[in-house]
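Trainee: Got a predicted structure here, sequence first:
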Amino acid sequence: CAGNEVYKTQLSSANWSAVMNGINAEVVSDIELAGTDLLLGTSNGVFRSSNAGSNWTKSSDGIIPVQTESILFNNGRLHCGNSTYGLSRYEWMNGPWTYNDFNTQFMFTLMSDGDTLYAGTSEGIAKSIDNGITFTPLNISNPALISDAFQIAKQDSVMIAATFSSDILISTDYGATWTSKGASGGLSGQLTTTVAISGGNLVTGTAADGIFLSTDLGDTWTQVTVAGLSIYDMTMIGNRIIASTLSANGCLYSDDDGQTWTVTLSDEFIKLSVGGNLVLGTDGFDIYASLDSGATFPYGLQGPQDVEIMSMHASQSDVYIGTYYNGVWWSPLLSITGISGQSGSDPEIQCYPNPAGNVLSLSSKNPISGPIKLEIIDLTGRAIYQDTFNPNGMINKNLDVSYIPAGLYHIRVQSEDNSTRSVIRFMKY
């Protein structure tokens, strides 16, 4: 695939064909549905399609085109959170885009409860009671401990937020006040990445040690999965909690409020997408589908060649994927659920340890002809490290990552003749 285009397929990755050009965005980080319209959150603002992706128009004129981290359509208003200028909103029928008076450097997630919105940001959590017209930073017991609010979950009056630190933010009064818990109750040394609430139990995934459970509103935490799992995403269907990992345990689920977990697929998942009883998972290159709420994943479809998947959206008949530097792709759901068996990616380049602390080591399975271009890229698409070198055979390289902030990153390795192209994800703690 060349350029930033939109593609369709009927059968497999071998039959993808371009159907539209002109989405001038390199990274598609979010795909949402607004009524019957499709919305893309991209590195160049928001794009909208009213005809199932055949044509796209840019819908973010009036706001600065920076990396869109999250989009949310709620009660006739579109909300956009980006990586530099915080929050903006759009009146769906009339426009225009308007910046909110709450500014934050990074806006990671948005969730709604009627006209009440919650925003997870690099400065903690903000709340709006007027469907996003105004946001107010929420009272946190010890703001000095809080770095980022990556994901938020809510059940009745109880809310929980992951911070990518050993602290968990917890509220028992509908988000009015928040308390920092976790570091002294069993999460010391962990990095919390994702959260859920089920049956009054609080559940959090960690970057390097699996899933922890609290039955006393966060005062104490117990590890409920095997150690060493890197949990990246978590979602719910009814009372079932589904979690994805960056390790060989792939996808897990719990039907007893997070107390016990069952492994459903032995392949890493970096992203989950849910629609009804349909669950999609991806390892970044291939798509896997479950029709039984994540209990089994008997269907798989190899993704487009050399394309890294960043986001997914599924309806009853269609699947859309947003990619890293390769636009948007489409496939009928039947082309996935009509193919049995699963094909996982087997990258030429490996990195370890993952998650990494101060040093990350790269190695190749086979000899590679140089020179090689290597980049470390953050989730906004910015290259924070670049190097070109000649491995003279096997790659065996140590990278100093001690200066990189905690988070998820991509390593892109490409040879000059394009005979080797690989994208590896790693987590920095």
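Mentor: On my side now, so go ahead. Numbering: from 1, shown residues only.
Trainee: Which parts of the stretch 1-150 of the chain are helices?
Mentor: Here the stretch 1-150 of the chain has no helices by DSSP state H, counting those that start in this stretch.
Trainee: For it, which residues score under the pLDDT cut-off?
Mentor: Across the stretch 1-150 of the chain, the ranges flagged by pLDDT under 70 are 1-22, 24-26, 60-66, 83-86, 91-95, 101-105, 139-149.
Trainee: and if we set it to 50?
Mentor: Low-confidence segments of the stretch 1-150 of the chain, defined by pLDDT under 50, are located at 1-19, 144-145.
Trainee: Give me the buried positions along stretch 325-332.
Mentor: For stretch 325-332, the buried set under the neighbour-count rule, 16 or more other Cβ atoms under 10 Å, comprises Tyr325, Asn326, Gly327, Val328, Trp329, Trp330, Ser331. In short, each C-beta sits where N, CA and C put it, glycine included.
Trainee: Against Ser311, how distant is the fifth one?
Mentor: Trp329 sits 11 Å away from Ser311, taking Cβ to Cβ, to the nearest Å as the criterion.
Trainee: Touching both of these two, which residues are there?
Mentor: Both Trp329 and Ser311 are in contact with Ile321, where contact means Cβ atoms under 8 Å, 6 or more residues apart in numbering.
Trainee: and the end-to-end length of stretch 112-122?
Mentor: Between the opening and closing residues of stretch 112-122 lies a distance of 19 Å (Cα to Cα, to the nearest Å).
Trainee: hang on, I meant stretch 209-228
Mentor: Across stretch 209-228, the terminal residues are separated by 4 Å (Cα to Cα).
Trainee: ok so, going back, taking the buried residues of stretch 325-332 one by one, which sit in strands?
Mentor: The subset of these located in strands under the criterion DSSP state E comprises Val328, Trp329, Trp330, Ser331.
Trainee: Tell me what the residue nearest to Ser43 when sequence neighbours are not counted is bridged to.
Mentor: With Cβ to Cβ, 6 or more residues apart in numbering as the measure, Val27 is the residue that lies nearest to Ser43, at 4.1 Å, once sequence neighbours are left out. Taking DSSP bridges, one finds Tyr324 as the beta-bridge partners of Val27.
Trainee: Tell me how many other residues crowd Val27.
Mentor: Counted by other Cβ atoms under 10 Å, the residues lying close to Val27 total 25.
Trainee: go on, the one 4 residues further on?
Mentor: Look at Ile31: counted by other Cβ under 10 Å, it has 22 neighbours.
Trainee: Next one: it from Val203, what distance?
Mentor: Applying Cβ to Cβ to Ile31 and Val203 gives a distance of 26 Å.
Trainee: which residue is nearest the centroid of this protein?
Mentor: For the chain, the residue whose C-alpha lies nearest the mean C-alpha position (Cα atoms, centre = their mean) is Lys271; its distance is 5.6 Å.
Trainee: I'd say that residue and His313 touch.
Mentor: No: the pair Lys271 and His313 fails to qualify as a contact (Cβ atoms under 8 Å) at a distance of 11.0 Å.
Trainee: Quick one: list the elements packing against the host helix or strand of Val413.
Mentor: Assignment of secondary structure by DSSP states H and E places Val413 within strand 407-415. Counting contacts by 3 or more Cβ pairs under 8 Å, 6 or more residues apart in numbering; DSSP states H and E, strand 407-415 packs against strand 349-352, strand 372-377, strand 421-428.
Trainee: And Ile31, how far from Tyr288?
Mentor: Here the criterion is Cβ to Cβ. By it, Ile31 lies 17 Å from Tyr288.
Trainee: residues touching the residue of the chain positioned farthest from its centre, list them.
Mentor: Ranking residues of the chain by C-alpha distance from their mean position (Cα atoms, centre = their mean) puts Asn392 at the top, at 35.8 Å. Contacts for Asn392 were tallied using Cβ under 8 Å, 6+ apart; they are Gly370.
Trainee: separation between it and Ser369?
Mentor: When distance is defined by Cβ to Cβ, Asn392 is 9 Å away from Ser369.
Trainee: now swap in Lys154 and tell me
Mentor: Plainly put, Lys154 is 53 Å away from Ser369 if you go by Cβ to Cβ.
Trainee: what about these two, which has more around it?
Mentor: A side-by-side neighbour count of Lys154 and Ser369, using other Cβ under 10 Å, places Lys154 first with 19 against 14.
Trainee: List the strands paired with the strand or helix carrying that one, with their directions.
Mentor: Here Lys154 sits within strand 151-155, counting by DSSP H and E. Pairing partners of strand 151-155, with direction, according to DSSP bridges: strand 158-162 (antiparallel).
Trainee: Show me the strands paired with the next helix or strand after the partner strand, marking each as parallel or antiparallel.
Mentor: Once the chain leaves strand 158-162, the next helix or strand it forms, by DSSP H and E, is strand 168-171. Here the strand partners of strand 168-171, with direction, are listed using DSSP bridges: strand 158-162 (antiparallel), strand 177-181 (antiparallel).
Trainee: how far is strand 168-171 from where the chain is centred?
Mentor: Averaging C-alpha coordinates over strand 168-171 and over its chain gives two centres that are 21 Å apart (Cα atoms, centre = their mean, to the nearest Å).
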